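A.B. asks: Okay, sequence plus prediction incoming.
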Amino acid sequence: MTANPLELINTELSADPPVRPSRIEAEAAVRTLISWAGDDPRREGLRDTPRRVVEAYGEFFAGYDADPVDVLRRTFEETDGYDEMVLLRDIRFESHCEHHLAPIIGRAHIAYLPHHRVVGISKLARIVDIYAQRLQIQEKMTAQIANTINEILEPQGVAVVIEAAHQCMTTRGVHKPGVVMTTSRMLGAFREDQATRREFLAMIGRQTGGEGILA
């Protein structure tokens, strides 16, 4: 008897998350990959590589152990009625493509229009880091940053633009160095008010003409 597709989906969603492997298991996996690549993990130059790779992965993917909501919870209400744009631009980040584990190197621009509360600007950069330090695709990361800020701060609007180079495209596959991918997420006033959106784009040095994703 063929299983109902909806039942399969519900079973998958309700399943317990996978158990995190131990450090010993992670290092063994690195040794397996080295062997698969054609080298000998026992030779002198590679003996400590599994340990180094696991430590590096701990840095690369530290975002899984951080909660972006907690970062934004401490806000300030003493703004003397300030309700103009707050913009933090050129936030450099390093992430990894979830399809090939290849680096994504880029920068993010974040703006919001306060309603009652503002947040320390370092928190905006921290939000970028938390989502970047996970396996990602750029479109999802852009939406996650914007949606989280919008949900926690409840501003009049949020805008996020991310520009990044993907090494899964520049160092493999089509081999197109110098290509930059741009994604954006506009919420509230930034989506509804063209003047507000244009002001934001002008402030980050983007073109505002046309009807494309950044128009």
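C.D. replies: Sure thing, it's come through. Numbering: from 1, shown residues only.
A.B. asks: all contacts plus neighbour counts: C-alpha atoms, from now on.
C.D. replies: OK.
A.B. asks: Apart from its neighbours in sequence, what residue is nearest Arg107?
C.D. replies: The shortest distance from Arg107 to any non-neighbouring residue, by C-alpha to C-alpha, 6 or more residues apart in numbering, is to Arg92 (4.2 Å).
A.B. asks: which secondary structure elements does the helix or strand hosting that neighbour contact?
C.D. replies: The secondary structure element spanning Arg92 is strand 86-97 (assigned by DSSP states H and E). For strand 86-97, the helices and strands in contact under the criterion 3 or more C-alpha pairs under 8 Å, 6 or more residues apart in numbering; DSSP states H and E are strand 103-113, helix 121-132, strand 135-136.
A.B. asks: which strands and helices sit next to the first one?
C.D. replies: When contacts are defined as 3+ C-alpha pairs under 8 Å, 6+ apart, strand 103-113 packs onto strand 86-97, strand 157-166, helix 167-170.
A.B. asks: With the longest one instead?
C.D. replies: For helix 121-132, the helices and strands in contact under the criterion 3+ C-alpha pairs under 8 Å, 6+ apart are helix 68-72, strand 86-97, helix 138-153.
A.B. asks: so can I have JSON lines of those showing mean neighbour count and distance to Ile104?
C.D. replies: What follows is those, written out as JSON lines (neighbours: other C-alpha atoms under 10 Å; distance: least, C-alpha to C-alpha, whole Å):
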{"stretch": "helix 68-72", "mean neighbour count": "17", "distance to Ile104": "20"}
{"stretch": "strand 86-97", "mean neighbour count": "18", "distance to Ile104": "5"}
{"stretch": "helix 138-153", "mean neighbour count": "19", "distance to Ile104": "9"}
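A.B. asks: Pipe these into JSON lines and attach mean pLDDT per row.
C.D. replies: Rendered in JSON lines, the data for the helices and strands packed on helix 121-132 read as follows (pLDDT from 0 to 100):
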{"stretch": "helix 68-72", "mean pLDDT": "94"}
{"stretch": "strand 86-97", "mean pLDDT": "97"}
{"stretch": "helix 138-153", "mean pLDDT": "97"}
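A.B. asks: Nearest to Val174, out of these?
C.D. replies: Between Val174 and the helices and strands packed on helix 121-132, the tightest spacing by C-alpha to C-alpha is seen for strand 86-97, at 15.6 Å.
A.B. asks: Direction included, what does that closest one pair up with?
C.D. replies: The pairing partners recorded for strand 86-97 under DSSP bridges are strand 103-113 (antiparallel), strand 135-136 (parallel).
A.B. asks: Can you say which of the helices and strands packed on strand 86-97 is nearest to Val174?
C.D. replies: Ranking the helices and strands packed on strand 86-97 by their distance to Val174 (criterion: C-alpha to C-alpha) puts strand 103-113 first, at 15.7 Å.
A.B. asks: Quick one: residues contacting Glu139.
C.D. replies: Taking C-alpha atoms under 8 Å, 6 or more residues apart in numbering as the contact definition, Glu139 lies against 183-184.
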